[in-house]
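Engineer: quick one: sequence and predicted model below, then my questions.
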There are 2 protein chains.
Amino acid sequence: MESAINVLVSQFKTYAAKDGSANTLSKEEFQSLVTSQLPNFVKNASDPATIDQLMKSLDENNDGELTFLEFWKLIGSVANQHGGFSQ
Amino acid sequence: MESAINVLVSQFKTYAAKDGSANTLSKEEFQSLVTSQLPNFVKNASDPATIDQLMKSLDENNDGELTFLEFWKLIGSVANQHGGFSQ
C-alpha cells in the first residue's frame, strides 16, 4: 500500500509544482492532473464546468487552490464509488 | 494514479473480507492491514493501544468497524505527513 500512496503523493507534487505554490493545485493544475491521471474515474474532466464544480466542492477554504488533503477527498470519493462501497 | 487507487481499494477489500462484513474493517482486520501494509507509515502498529487510538479517531459512527471512507482518512493523514505538506 505504501508504494501506491507514494505514487499519489508524488503525482500530486508533480502537478502542484507547475505554477504558484508547489504544495497546492491551482485550477489549471487540477484540470491537467484530472484529465491525464483520472480519465476513467472522473468523466468530462475536459469540460471546465466539471472542474469548476469539483473545485468548489473540494476547496473548503475557497482560496482557489487545493491542498493535498482537499485533493485527497476527491480521490477518496472516486475510490469509494469505484470500489462499489455503499457510503 | 488510477492504478495506485485500485491497489488501495483492492487491498482494503482483501483485509475487509477476512471476517464479518466484506465492506468494513474490524479492529483485527485493521491491525492486520496496518501492520503488514503500512509498516513505515504507521509506527508501533503491533501495539494494541496504537490500533485502539487510531480506530477511535477514525471510527466516526463508533460501530467498531471502519468503512472505506473512514479508513481513507488514515491513509490521507499518513500521506499528508509523509508528503511533508503543512496542513
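Structural biologist: On my side now, so go ahead.
Engineer: what is the neighbour count of the nearest residue to A:L58 once chain neighbours are set aside?
Structural biologist: Closest residue to A:L58 apart from its sequence neighbours, by Cβ to Cβ, 6 or more residues apart in numbering or on different chains: A:E70 at 4.8 Å. Bear in mind the C-beta positions are built from the backbone N, C-alpha and C, glycine included. As a burial measure, A:E70 scores 20 neighbours (other Cβ atoms under 10 Å in any protein chain shown).
Engineer: need phi/psi at A:E70.
Structural biologist: Backbone torsions of A:E70, given as degrees, to the nearest 10, read phi -70, psi -40.
Engineer: OK, contacts around it?
Structural biologist: A:E70 sits next to A:58-60 when contact means Cβ atoms under 8 Å, 6 or more residues apart in numbering or on different chains.
Engineer: over to A:S3?
Structural biologist: B:V7.
Engineer: in whichever strand or helix holds it, what's buried?
Structural biologist: Using DSSP states H and E, A:S3 maps to helix A:2-16. Neighbour counts using 16 or more other Cβ atoms under 10 Å in any protein chain shown place A:2, A:4-5, A:7-9, A:12, A:15-16 of helix A:2-16 among the buried residues.
Engineer: can you get me a residue count around the nearest residue to A:I5 once chain neighbours are set aside?
Structural biologist: Among residues not flanking A:I5 along the chain, B:A79 sits closest, at 4.9 Å (Cβ to Cβ, 6+ apart). By other Cβ under 10 Å, the residues close to B:A79 number 22.
Engineer: circling back to that earlier point, alpha carbons of the helix holding A:S3, in PDB - could you do that?
Structural biologist: Extracted in PDB, the C-alpha atoms of helix A:2-16 (Å, rounded to 0.1, in the frame of the first residue of the first chain):
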ATOM      1  CA  GLU A   2       2.800   2.300   0.800                       C
ATOM      2  CA  SER A   3       4.100   2.400  -2.700                       C
ATOM      3  CA  ALA A   4       0.600   3.200  -4.000                       C
ATOM      4  CA  ILE A   5       0.400   6.100  -1.500                       C
ATOM      5  CA  ASN A   6       3.800   7.300  -2.700                       C
ATOM      6  CA  VAL A   7       2.600   7.300  -6.300                       C
ATOM      7  CA  LEU A   8      -0.400   9.500  -5.300                       C
ATOM      8  CA  VAL A   9       1.800  11.900  -3.200                       C
ATOM      9  CA  SER A  10       4.500  12.200  -5.900                       C
ATOM     10  CA  GLN A  11       1.900  12.700  -8.700                       C
ATOM     11  CA  PHE A  12       0.200  15.400  -6.700                       C
ATOM     12  CA  LYS A  13       3.600  17.200  -6.200                       C
ATOM     13  CA  THR A  14       4.400  16.900  -9.900                       C
ATOM     14  CA  TYR A  15       1.300  18.700 -10.900                       C
ATOM     15  CA  ALA A  16       1.300  21.100  -7.900                       C
END
